[in-house]
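> The following comprises the amino acid sequence and a computationally predicted model.
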Amino acid sequence: MKQHTIRYFLAVVALLTMAQVANGQTAFTFDKSMGSGSCHRYGRDALYTDTLAHLLYSGRLKPVAEATWYNEGGITKKWTAVQADSTGTYRGREMNNGYLYLSCQVAKAQPAILTISGHSMAYLNGEAHAGDQYRYGWMHVPVMLKKGLNELYIRTGFTGRNGGVQVKLIPAAKPLQFGRQDATLPFLVKGMSKDSLLAGIVCLNAGNTAAKSLTVEATTAGKTMRTPLPLLHSLGTRKMPINLPVPTSFSTGTVSYQLRLTDGRQTLDTMTLVLNAVEAHQHQSHTFLSNIDGSVQYYAVAPQLGGPTANPSLFFSVHGAEVEAISQARAYKPKADGPVVAPTNRRPRGFNWEDWGRLDALEVLDIAKTQYKPNARKIYLTGHSMGGHGTWFLGATYAGQWASIAPCAGYPVLQGYGSADGLIPTEAGSPVRAMLLRASNPSNVLQIAQNYKAAGVYIHHGDDDQTVSVNYARQMRKVLSEFHPDFAYYEYPGGSHWFGDISVDWPPLFDFFKHHTRAEKNDVINIDFSTANPAISATHHAITIAQQEKSFAYSRVKLKIDTAKNSISGTTENVASLTINSAALPVETEIPLQLDGQKLTLRAPKPDHNWNFNKVNGTWQQGQVPDATEKGTQRGAGFKEAFKYNMLFVYGTKGTPEENAWALQKARYDAESWYYRGTGALDVIPDTEFNDLLATSGRGVVLYGNATTNAAYDKLLKNCPVRIERNKATVGGKTFTGDNTGGYFVFPIQGLHFASVAVIGGTGLPGMRAADANQYFAGGSGFPDFMLFDASLPLQGEKAMKAAGYYNNKFELGTDWVTL
């Protein structure tokens, strides 16, 4: 699965393909190319610094003609001329971790398609656009060029021999068109009983108005299906769900479809789509509609050897970075005991199996349980490289759900290994920094390693791995050896990072699986479970941590159920509400409970009964489960909580022209980033189209602007203790005046038990621009319930913070927050 070289080749081919899409139109020529390095720091963190972005936001960035663009505090930054090499790639240390500047003159204002690869993001005439840091080459962004000078500031990382940036800017051939790449496609499988299949096809809108009445017709072998498309926002890219008819009969190999994009009056574009067709016993891909955002996602399968059987085992395999799910599945020979199912993490890089990668894994696991009906006691988890990390992460987070786990060539935490998004910081430093980093706690499985006791563990690693050091495996062997009674460890002699399919399809690993089954709830009498967020993971056998005392701090329950004495005893840490199931204890018998030294007496009126306990003023009291409107298992803490439940982005139109332009541009930028990172698709609408029906629809909502500029704000946030309006931000009794405060915060949508609303904005244009960065899409990054900062954040980082923290369990402002 060595795919880096292939990815780079595909990026070059993709750029050439895009030139062909433009019907032979000549790409715009850049008349100036300059580079400047080492001026920004972004990572898996709410805080960032970017000197050039700060000057650009504030209107103080000097023209490139003045070579020195920064000279303060003994630090000087200059532009240096750079040239593309023979492949059209810009690279060199002059622009490492800095910016590439390009400019071109245009005779008239016109739409264009901007395609850049090898960058983290770009500003075109000051408007932010998502990057293609992995050099895929299919990130085609519709833009509107202005007459005269157009300037690109392209944020770069390392641009050495295997890096570099490629750029194409081509006139838009059509206002509405198909994208020719990055389709999400199912396989046709012989013997399938479906009449239609679901595909995800990219569409581009190079116009200044949203497209609302588009349809795609898909035809093959005389069958046609029509799919009305959802909204395609102006200057937008969206992967659309379309239905494909299943031919009455087909041969293995490939099957072609003809697609037609229409607005009901005319044909706007056409293209050919090709599906793979396989026998039922061959490796295959299947698509589904995600509940996260309504997008089309896929998973891959190595079917059970010999065909399906009743109550099979289920092998759940999570892939490594740059590996497609179908490639992961193909690394396994079919197993007689059951199918191998591989989710996608939403992209080959995705979210490191955290955040929305975690949710994707859970969605696919639920589908696999429905489709293959496995024995619930024989569900196994494994994965390689980044998927090895995913195995450590999912194995600890959902302890008790797996019969056993097997991380291969994995690292346990992003704090130590990181990736292209960087490390999660580990030093808390100041109180405000500690508040921010606490939101990353769900990522750190080392702090909840005792959870691994719930299943057998097989660690598999090559002893000559130069990509993910074998020292990570040895680290986890040492960790497990201190408490785990049932784990196996193997270092493959001379094994590199990938030493063939046995890197994952290792017979002793599957033998280990065969000898393990998941314990039933009634069989587990010693419970030791930890979580950092009950909305992520709350239940472990007979207990559920229904609520925390402090959001994102680690909560732990150690409980012993004594079936001989019919008693329960245990301790808790950071638990405000706890549910205990009677499990194997008898009905209508007095059961003594000792919890944190406090004694109570219980009685189970029926088998499988739940008792709930709430801590009131430090004392446990038996009572009701917390109301669903509070923080708990159904809706938790953190800014990211709003980015699910088929969320939609709502930009403000009630501000100044500049404020309104920012809101629309920022919503587009986030939509582009969501598409790139997570194959995401969502509605981007103005506040004038946000009505009461949408407010109560159960969808997550992300608002851009403030209470003054976004008409949807007060429909959703009347009772929120954090408020941003023009020239004023308030948190409790603390007020910040002026136009230079930016912020991110979240709040539950009133009347709903799960969906939340997030706000991205500021008290004025300077504060709004400081909120442009979207590190919240980086897997594992931590964002608290709210954070406010000064417009100088890109320059000063932590010193620019004004307030950060968490609501209490009733989503009120308690004491768990800090201000500077």
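Looks like it arrived, so ask away.
> from here on, contacts and neighbour counts on C-alpha atoms
OK.
> Next, give phi and psi for the residue most central in space within the chain.
Nearest residue to the geometric centre of the chain (Cα atoms, centre = their mean): residue 356, 3.6 Å. Backbone torsions of residue 356, given as degrees, to the nearest 10, read phi -80, psi -20.
> for whatever helix or strand residue 35 lives in, packing partners?
Using DSSP states H and E, residue 35 falls within strand 32-36. Other helices and strands packing on strand 32-36, by 3 or more Cα pairs under 8 Å, 6 or more residues apart in numbering; DSSP states H and E, are strand 80-81, strand 99-106.
> re the thing from before, contacting residues around the residue nearest to the centre of the chain?
By Cα atoms under 8 Å, 6 or more residues apart in numbering, residue 356 lies in contact with 345-346, 678, 779.
> pLDDT wise, what is it at?
Listed pLDDT for residue 356 reads 98.
> so how far is residue 281 from it?
In this view, residue 356 and residue 281 are 31 Å apart by Cα to Cα, to the nearest Å.
> Tally up the residues packed near residue 273, please.
By other Cα atoms under 10 Å, 17 other residues sit near residue 273.
> so which strand or helix has it?
Taking DSSP H and E as the definition, residue 273 sits inside strand 267-278.
> model confidence over the helix or strand that comes right after that strand, on average?
Sequence order places strand 284-289 as the next helix or strand after strand 267-278, per DSSP H and E. The pLDDT scores in strand 284-289 average 98.
> One more: stretch 312-328?
98.
> what do you get for stretch 378-390?
Averaged over stretch 378-390, pLDDT sits at 98.
> begin at 43 from here
Taking 43 as the first residue, the last one we looked at is stretch 420-432.
> what's next to it, contact-wise?
Contact with stretch 420-432 is made by 354-363, 394-396, 433, 437, 443-455, 510, 539, 545-546, 555, 558-560, as judged by Cα under 8 Å, 6+ apart.
> end to end, how far does it reach?
The first and final residues of stretch 420-432 sit 19 Å from each other (Cα to Cα).
> Specify the local secondary structure of residue 551.
Under DSSP: H, G, I helix; E, B strand; the rest coil, the three-state class of residue 551 is helix.
> There's contact between it and residue 503 in this structure, I believe.
No: Residue 551 is beyond contact range of residue 503, at 11.5 Å (criterion: Cα atoms under 8 Å).
> Enumerate the positions of stretch 842-856 that are buried.
Neighbour counts over stretch 842-856 (16 or more other Cα atoms under 10 Å) mark 842-851, 853-855 as buried.
> Parallel or antiparallel, list what pairs with the strand holding residue 77.
Here strand 74-78 has these sheet partners by DSSP bridges: strand 122-123 (antiparallel), strand 141-148 (antiparallel).
> list the contacts for the residue lying closest to residue 270 once chain neighbours are set aside?
Spatial nearest neighbour of residue 270, chain neighbours left out: residue 257 (4.4 Å); criterion: Cα to Cα, 6 or more residues apart in numbering. Residue 257 makes contacts with 268-271, 303-306, as judged by Cα under 8 Å, 6+ apart.
> Next, the distance between the ends of stretch 684-696.
Using Cα to Cα, one end of stretch 684-696 lies 23 Å from the other.
> can you list contacts of it?
Counting by Cα under 8 Å, 6+ apart, 333-336, 702, 705-706, 709, 724-730, 732, 740-748, 750-754, 788, 797-800 sit against stretch 684-696.
> average pLDDT across that stretch?
Stretch 684-696 comes out at a mean pLDDT of 97.
> again with stretch 575-588
97.
> Just the CA atoms of that stretch, as CSV, please.
Output of stretch 575-588 as CSV, limited to C-alpha atoms (Å, rounded to 0.1, in the frame of the first residue of the first chain):
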residue,chain,number,x,y,z
ASN,A,575,-16.6,12.6,27.1
PRO,A,576,-19.8,10.6,27.7
ALA,A,577,-21.2,11.9,24.4
ILE,A,578,-18.4,9.9,22.7
SER,A,579,-18.3,6.9,25.0
ALA,A,580,-20.3,6.4,28.2
THR,A,581,-21.4,2.7,28.6
HIS,A,582,-19.2,-0.2,29.7
HIS,A,583,-21.0,-3.5,30.5
ALA,A,584,-23.2,-2.8,33.5
ILE,A,585,-22.4,1.0,34.0
THR,A,586,-23.0,4.2,32.1
ILE,A,587,-21.3,7.5,33.0
ALA,A,588,-24.3,9.7,32.3
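> And for it, what's in contact with it?
So stretch 575-588 is contacted by 439-442, 484, 562-564, 566, 569, 571, 573, 589-590, 593-597, 599, 617-625, 667-668, 674-679 (Cα under 8 Å, 6+ apart).
> Then stretch 784-791?
Contacts for stretch 784-791 (Cα under 8 Å, 6+ apart): 671, 680-684, 737, 758-759, 762, 764, 796-805, 808-813, 826-833, 853.
> From those, which land in strands?
Of those, the ones assigned to strands by DSSP state E are 764, 798-804, 828-832.
> Report the residue spans of the stretch 443-592 of the chain with pLDDT below the cut-off.
Residues of the stretch 443-592 of the chain that meet the criterion pLDDT under 70 lie in 460-470.
> Can you identify each of the strands in it by residue range?
446-450, 498-504, 529-534, 568-573, 581-582, 585-590 (DSSP state E, counting those that start in this stretch).
> ok so, going back, the strand holding residue 315 - contacts with which helices or strands?
strand 218-220, strand 230-231, strand 295-304.
> Of the ones you listed, which stretch is the most buried?
Of these, the one with the most neighbours on average (mean count of other Cα atoms under 10 Å) is strand 230-231, at a mean of 25.
> May I have the strands that pair with it, each with its orientation?
strand 309-320 (parallel).
> Pull the partner strand out as CSV, backbone CA atoms only.
This file holds the C-alpha atoms of strand 309-320, laid out as CSV (Å, rounded to 0.1, in the frame of the first residue of the first chain):
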residue,chain,number,x,y,z
THR,A,309,-28.3,20.0,-20.8
LEU,A,310,-25.6,21.7,-18.8
ASP,A,311,-22.9,19.0,-19.0
THR,A,312,-22.4,15.3,-19.7
MET,A,313,-19.9,12.7,-18.6
THR,A,314,-19.3,8.9,-18.6
LEU,A,315,-19.1,7.0,-15.3
VAL,A,316,-17.6,3.6,-15.0
LEU,A,317,-18.4,1.1,-12.3
ASN,A,318,-16.5,-2.1,-11.4
ALA,A,319,-18.5,-5.2,-11.6
VAL,A,320,-17.5,-8.3,-9.6
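> Would you mind listing where this structure has pLDDT under the threshold?
Within the chain, the stretches with pLDDT under 70 are 43-67, 202-204, 460-470.
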